[in-house]
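Undergrad: compute the structure for the input listed below.
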Amino acid sequence: MTGTREGAIARAHTRFDSGAYLDNLRRLVAVPTESQMPDRLPDLVRYCTETVPGIMDGMGFETAVLENPEPGRGPVMLATRIEDAALPTVLIYGHGDVVRGLAGRWREERDPWAVTIAGDRWYGRGTVDNKGQHLIGIEALRAVLAERGRLGFNAKVFVETGEEVGSPGMRALLRRDRDRLAS
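TA: Below you'll find the model as predicted:
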């Protein structure tokens, strides 16, 4: 089965229209990944070990958590799907950390850790920066896989948890894991 571009786009629209995208976004936003708050380190770890891998379950990716070389800082989740070593590898980047949630200070008593829909707007910490964006990439991969049965390229999904505080430890992590991250 070769599938088509139009077919993959239609599948992505169907997932969005069915509420599947929103359900997954709610799962991501529900994790309070405030990298500025040292006590949130367990949430950053859970985002990389459970939440994102759970959303990618069944897509044929092997997931790993890369420990941050800087003590006390959040890890990186790396999901890898190699279809053929001769094919090019695409790296999709995202960050799962968010700026402080400031619960109790949102208008209309909105909860930063829940997606609230008001008209055509969606509110929740990370819906735009950056949980929604890396979810779009994951859902696009899912649509292509569903349409074609394969990607036709290798893919790596790299989700870090320290972008909002300057990505501490990232340079050392990239050096240390350069072969694993090659794309």
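
Undergrad: in this structure, which spans are helices?
TA: Ranges of helices in the chain, per DSSP state H, are 5-18, 20-29, 41-46, 52-56, 131-148, 170-176, 178-181.

Undergrad: what angle sits between the first one and helix 20-29?
TA: Spelled out, that is helix 5-18. Angle, helix 5-18 to helix 20-29, by axes from the mean of the first three to the mean of the last three CA atoms, to 10 degrees: 60 degrees.

Undergrad: hmm, back to that, of all the helices of the chain, which lies closest to residue 75?
TA: Shortest distance between residue 75 and the helices of the chain, using CB to CB, is found for helix 41-46: 6.1 Å. C-beta: built from backbone N, CA, C; applies to glycine.

Undergrad: touching that closest one from outside, list them.
TA: With CB atoms under 8 Å, 6 or more residues apart in numbering as the test, helix 41-46 has contacts from 31-35, 65, 72-75, 96-97, 161.

Undergrad: wait, what's in contact with residue 180?
TA: Contacts of residue 180 were listed using CB under 8 Å, 6+ apart, and they are 64, 66, 78, 80.

Undergrad: contacting residues for the most centrally placed residue in the chain?
TA: What sits nearest the mean C-alpha location of the chain, by CA atoms, centre = their mean, is residue 134, with 4.3 Å. Under the criterion of CB under 8 Å, 6+ apart, the neighbours of residue 134 are 52, 92-96, 157, 159.

Undergrad: perfect, I'm done here.
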